[in-house]
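>>> A structural model of the following input is requested.
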Amino acid sequence: MQKLIQFLVILGVVLLSNYSTIALPVKSNSSDFIRVNPDNPYRFVDTRGKPFYPIGIGDCVGVDGSSVLANWGFDGRPSQLAGPHGDRTDIDTYLSAYRDAGFNLFRWSIGNCSFNLDSEYSWSQGDLLVSKLNQYGFRIQLVFFNNNVDTSANGLAYVRRVIDRYGSSVDIWEVSNESTASDSDLTLVANYIKANDPNRHPVTTSFVYSNSPQVRDIAALDITSPHFYTSASQFDVDRETYDNIINWKSFGKPVIIGEYGNVVVNWDATSDLRNRLATWSAFFAEGSIIFWNSSFIMNYSNPNSVSNAYLGVTTRGYIRVLTDFTGQVPADARIANISVSNPNLVRASALSSSRTYFAYLHAFTNHTSATSDITVTVDLRRAGTLTWIEPATGRVILTDRVPAGRQILRVPPFLIDVALKVER
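The predicted model follows:
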């Protein structure tokens with residue numbers, strides 16, 4: 001995928017030279033890494049067993065040679081107001097805004113609209129980036145190569161140096177972005193990473209999103225990480241997202257969509273809504289999304305390819321509501337049965353744990369007036385308090401008590417979508 005790349009991957013003599021290990025600022029708890037949930041192969045937990053539900057961003061980093069501390073595209077205005085380079089801010093403003101919205105994972109795709117680690121200066125810039133991401137509480141998915149892999153002695157020395165330098169600060173390794181490498185070369189590098197990483201971070205890779213199939217099952221990889229750019233409407237994007245993730249889960253591994261965004265233009269009048277519908281649907285399919293963030297300008301267009309995503313104030317507000325909701329979902333929640341009284345008007349998905357039940361509904365034919373007279377049939381393991389929530393705002397619509405067992409619940413009138421939680 002073409003993304004304004006300013007640097008070439010250079011793996012030269014510096015990778016073979018001696019270097020001293022540099023002590024970098026690391027997480028406040030450097031042993032707190034995420035792992036695949038041993039009780040659910042599609043979810044993650046941290047070292048304490050607490051669930052971790054990724055919602056991430058990736059972005060261009062230092063492509064013009066500037067410091068990683070500056071020049072981050074943020075809340076851009078339309079090009080006629082912001083100019084061709086859009087609106088920019090410093091890294092602290094950028095990361096604090098996305099952290100406060102609930103984003104918790106940053107994908108650093110080296111060489112892919114990002115500087116390469118090909119000089120001591122670039123390594124120092126990598127140190128600054130990683131330190132800032134750790135400071136703001138982001139977990140990191142670090143990508144070693146762009147499009148291909150280097151299995152030579154030089155290439156493996158580079159991989160080892162990245163592991164030694166950043167292994168205590170990242171959570172996920174990605175072998176290659178949108179790789180064209182063979183399965184055998186990807187396996188070689190993935191196994192090399194695992195053999196040299198004392199922290200045993202999970203390993204993934206991504207393939208060219210326009211190829212078919214978009215993903216391949218390689219035994220050495222622990223996560224399935226497709227790229228997904230869509231032109232689906234606000235009436236279909238939830239179904240498309242949910243069905244794709246269910247399909248990609250067929251390998252029995254967690255699914256993190258490593259790049260998510262739009263075709264043609266990064267923002268239009270329905271983009272924020274579509275982001276909301278896609279992220280809620282992904283969560284209920286037991287998958288995760290990393291947006292390719294292009295918020296430097298509001299109407300960035302690439303008619304012949306993809307245009308990524310604009311994550312402004314509205315989408316950030318939606319993500320905040322989502323992450324407040326997912327923060328209440330325990331690690332043992334799994335996909336559950338739910339049926340809706342009128343499936344021609346409303347789609348529904350659900351999760352259930354030993355103590356709680358959650359559901360998400362989308363009125364996929366009507367976004368202009370409230371949908372009413374809908375019921376859902378659910379199986380509740382425990383009696384509890386049900387709460388209906390508006391995903392657009394987090395507003396509580398209705399609360400009530402409900403007994404255990406099979407129940408037919410009347411859904412309160414709602415506009416576009418609604419979420420349910422039942423807890424003791």
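
>>> For Ile408, pull up the helix or strand it's in.
Taking DSSP states H and E as the definition, Ile408 sits inside strand 405-411.

>>> Could you list the residues in contact with that strand?
Contact partners of strand 405-411, identified using C-beta atoms under 8 Å, 6 or more residues apart in numbering, comprise 346, 361, 374-380, 386, 388, 402, 418, 420. Just so you know, the C-beta spots here come from the backbone N, C-alpha and C atoms, and that holds for glycine as well.

>>> And the average pLDDT for it is what?
The predicted model assigns strand 405-411 a mean pLDDT of 98.

>>> Can you list the buried residues in that strand?
Across strand 405-411, burial judged by 16 or more other C-beta atoms under 10 Å covers 407, 409, 411.

>>> could you dump the following helix or strand past that strand to PDB, C-alpha only?
Reading on from strand 405-411 to the C-terminus, the next helix or strand found by DSSP H and E is strand 417-423. Output of strand 417-423 as PDB, limited to C-alpha atoms (Å, rounded to 0.1, in the frame of the first residue of the first chain):
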ATOM      1  CA  ASP A 417     -28.100   1.300  17.800                       C
ATOM      2  CA  VAL A 418     -28.400   0.400  21.400                       C
ATOM      3  CA  ALA A 419     -26.300  -1.700  23.800                       C
ATOM      4  CA  LEU A 420     -27.400  -3.900  26.700                       C
ATOM      5  CA  LYS A 421     -25.600  -5.100  29.800                       C
ATOM      6  CA  VAL A 422     -27.000  -7.400  32.500                       C
ATOM      7  CA  GLU A 423     -25.000  -7.700  35.700                       C
END
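
>>> just checking, what packs against strand 417-423?
Counting contacts by 3 or more C-beta pairs under 8 Å, 6 or more residues apart in numbering; DSSP states H and E, strand 417-423 is packed against helix 271-284, strand 357-363, strand 374-380, strand 384-389.

>>> was I right about Thr89 contacting Leu69?
No - look at Thr89 against Leu69 with C-beta atoms under 8 Å: they stay out of range, at 10.7 Å.

>>> The two: which has the busier surroundings?
Counted by other C-beta atoms under 10 Å, Thr89 and Leu69 do not tie: Thr89 has more neighbours, with 17 against 14.

>>> so how far is Ser294 from the nearest residue to that one once chain neighbours are set aside?
Residue nearest to Thr89 in three dimensions, not counting chain neighbours: Phe74, with 4.3 Å by C-beta to C-beta, 6 or more residues apart in numbering. Per C-beta to C-beta, to the nearest Å, Phe74 is found 11 Å from Ser294.

>>> Just want the angle from whichever strand in the chain runs longest to helix 271-284.
Secondary structure of the chain read by DSSP state E shows that its longest strand is strand 255-265. Calculated by axes from the mean of the first three to the mean of the last three C-alpha atoms, to 10 degrees, strand 255-265 forms an angle of 160 degrees with helix 271-284.

>>> now strand 255-265, how far from the centre of its chain.
Put simply, strand 255-265 sits 9 Å off its chain's centre (C-alpha atoms, centre = their mean, to the nearest Å).

>>> List the buried residues for it?
Neighbour counts over strand 255-265 (16+ other C-beta under 10 Å) mark 255-262, 265 as buried.

>>> just those now: which is nearest Asn337?
Asn337 has its nearest neighbour among the buried residues of strand 255-265 in Val255, at 21.0 Å by C-beta to C-beta.

>>> wait, the closest one sits on Ser288?
Yes - if you go by C-beta under 8 Å, Val255 and Ser288 touch, sitting 6.9 Å apart.

>>> so what strands line up beside the helix or strand that Val175 is a member of?
According to DSSP H and E, Val175 maps onto strand 172-177. Partners of strand 172-177 in the sheet, by DSSP bridges, are strand 139-146 (parallel), strand 203-204 (parallel).

>>> State the next helix or strand along the chain beyond it.
helix 183-196.

>>> Distance from that next one to the middle of the chain?
24 Å.
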